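Trainee: using only what follows, build the 3D model:
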Amino acid sequence: MRAIVQRVSSASVSIGEGRTRTVVGKIGPGLIVYLGVGRMDGEAQASAMAEKIAGLRIFMDEEEKMNLSILDLGLEALVISQFTLYADARKGRRPSFDQAAGNQEARELYESFVRHLRSQGIHSEKGAFGQIMHIEAALEGPVSILLDSEKRF
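Mentor: Take a look at the predicted model:
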């Protein structure tokens, strides 16, 4: 499982075009989490990644040190599925997505990840799985953290 975690003052995700665009998820201060599910991922990775992100100390304390987590501050999360985090562009110009999980498996683990965040008391909104989404985020810092359940980076 891979994630890009960004600190935000607000974020929203919508689907559709123009006047028919519908907001499906919206948060205030907290984290936007772009989540990719790999072929070898399972429930253990979903649980561990949610726990890692919930405890990730990337918010400023009173001494302006990144020492506080989303849990410490009672903030929110917006979770967006993003299979392209498993893109392999080492050969040629067209990325391969062979290491990304299939649609059904990815959806189940994405939903599991969100449930694990919520079970820790984090208000979590979702994107629209498998849809083209329009994402707006007011980044803070900016702070962007890359996570990989296999600790490749």
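Trainee: which stretches of this protein form helices?
Mentor: Taking DSSP state H, the helices of the chain run over residues 43-55, 70-73, 103-119.
Trainee: of all these, which lies closest to R19?
Mentor: Minimum separation from R19 across the helices of the chain (Cβ to Cβ) falls at helix 103-119, 28.7 Å. Just so you know, the C-beta spots here come from the backbone N, C-alpha and C atoms, and that holds for glycine as well.
Trainee: now the angle from the closest one to helix 43-55?
Mentor: Angle, helix 103-119 to helix 43-55, by axes from the mean of the first three to the mean of the last three Cα atoms, to 10 degrees: 40 degrees.
Trainee: now the residue nearest the centre of the chain: closest residue in space that isn't a chain neighbour?
Mentor: Centroid-nearest residue in the chain, with Cα atoms, centre = their mean: V33, separated by 1.9 Å. Distances taken as Cβ to Cβ, 6 or more residues apart in numbering place V79 nearest to V33, at 4.8 Å, with adjacent residues excluded.
Trainee: quick one: the strands in the protein?
Mentor: Assigned by DSSP state E, the chain shows strands spanning 2-15, 22-27, 30-36, 59-60, 66-68, 76-81, 124-126, 134-148.
Trainee: between these, which gets nearest to L117?
Mentor: Closest approach to L117 among the strands of the chain is made by strand 124-126 (4.5 Å; Cβ to Cβ).
Trainee: for M49, see how far away D98 is.
Mentor: Counting by Cβ to Cβ, to the nearest Å, the separation of D98 from M49 is 21 Å.
Trainee: quick check: pLDDT value at R152.
Mentor: pLDDT for R152: 81.
Trainee: what about it, how many neighbours?
Mentor: As a burial measure, R152 scores 7 neighbours (other Cβ atoms under 10 Å).
Trainee: likewise Q131?
Mentor: Neighbours around Q131, by other Cβ under 10 Å: 12.
Trainee: what residues are up against the residue nearest to it when sequence neighbours are not counted?
Mentor: Nearest residue to Q131, sequence neighbours excluded (Cβ to Cβ, 6+ apart): I15, at 5.1 Å. Contact partners of I15, counting by Cβ atoms under 8 Å, 6 or more residues apart in numbering, are 21-22, 24, 128, 131-134.
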